[in-house]
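**Q** Fold the following.
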Amino acid sequence: MNYLKSMLVKLKYQPMIFIPLVCLGLYTVYFSYHKFMTASNLYLTYLLYINTLAPTLMALIISAIFKFEEQNKNYNRLLSISNRSSWTNNMVVFCMFLWLLFTIFTIGCLSMIVEINFKIKLITLITLFVLNLIFIPIFIYIALKLGSGICIGIGALFFIIKICYGTTMLGNGIWNLIPFVYPEKSVYILYNSNYIEFSKLIGISLVILIFLLVALHVWYCQWNGREITD
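**A** I've put the predicted structure just below:
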């Protein structure tokens, strides 16, 4: 709890943390005036494209967190923490907590422009929150190793990958091999009640998430900080 409070205090001085919420608000306003033939087309398209933006928005959130830590040269404060395992666990949980809040705000915004039932709320929670969690250890690693600015750039790169392989014909036949686009594909899979296919995707995503979290933990516990030339 003390860690959560300290992180929230730090984020008060990082306006970047509010950019995802501003983007969500603008996105919702756009969809409020966009004409769709049916309500189902509206919320499916809304969820599809908010999922493509997910890595960019998540990169902004994580970059805001590490922007504060970058003020200490070579992350000296972080490297001086005796229990690194506890720090990585707390950081991951905190990032997940912020992403869950964003998902809840998304559900709220969607409910303001179209009537949604429990099934749509569940689809939003699973596809936007759960299936995008694999980006958290990736962006924490990038922010630590390369910097918050590059983290945002990689987030934008993932956005392009999701657009190309998650929403177009380009990904047909190979999207199963690209876990980064599972959230987009799962929107329609869940909506069509194809639970067997969805179970496979979420199983693969969770295995990848666990692997990435373990890899991040092992790497950070042995990390000596950035090189001076970084």
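
**Q** Now do the strands in the chain.
**A** Taking DSSP state E, the chain contains no strands at all.

**Q** Tell me who's in contact with Tyr43.
**A** Leu110, Val114, Ile116, Ile120 (CB atoms under 8 Å, 6 or more residues apart in numbering). Glycine gets a C-beta too; all of them are placed from N, C-alpha and C.

**Q** And the residue nearest to it when sequence neighbours are not counted, how far from Trp219?
**A** Spatial nearest neighbour of Tyr43, chain neighbours left out: Val114 (5.3 Å); criterion: CB to CB, 6 or more residues apart in numbering. Taking CB to CB, to the nearest Å as the measure, Val114 falls 43 Å from Trp219.

**Q** Tell me the predicted confidence for the residue nearest to Tyr43.
**A** Note on Val114: pLDDT of 87.

**Q** Can you report how many residues lie near it?
**A** Residues lying near Val114 (other CB atoms under 10 Å) number 17.

**Q** show me the contacts for it.
**A** Shown in contact with Val114 (CB under 8 Å, 6+ apart): Ala39, Leu42, Tyr43, Tyr46.

**Q** Surely the last one and Phe31 touch.
**A** Put plainly, it is Tyr46. Yes - the criterion here is CB atoms under 8 Å, and Tyr46 meets it with Phe31 at 5.5 Å.

**Q** If we ignore the residues flanking it in sequence, what's nearest the residue nearest in space to the middle of the chain?
**A** Taking CA atoms, centre = their mean as the criterion, Met58 is the residue nearest the geometric centre of the chain, at 4.0 Å. Once flanking residues are discounted, Met58 sits nearest to Phe135: 5.2 Å by CB to CB, 6+ apart.

**Q** and what of Met7?
**A** Counting by CB to CB, 6+ apart, Met7 lies nearest to Phe94, which is 5.4 Å off, once chain neighbours are set aside.

**Q** on that earlier part again, among Tyr46 and Phe31, which residue is more densely surrounded?
**A** Relative neighbour count places Tyr46 above the other of Tyr46 and Phe31, with 25 against 20, counting by other CB under 10 Å.
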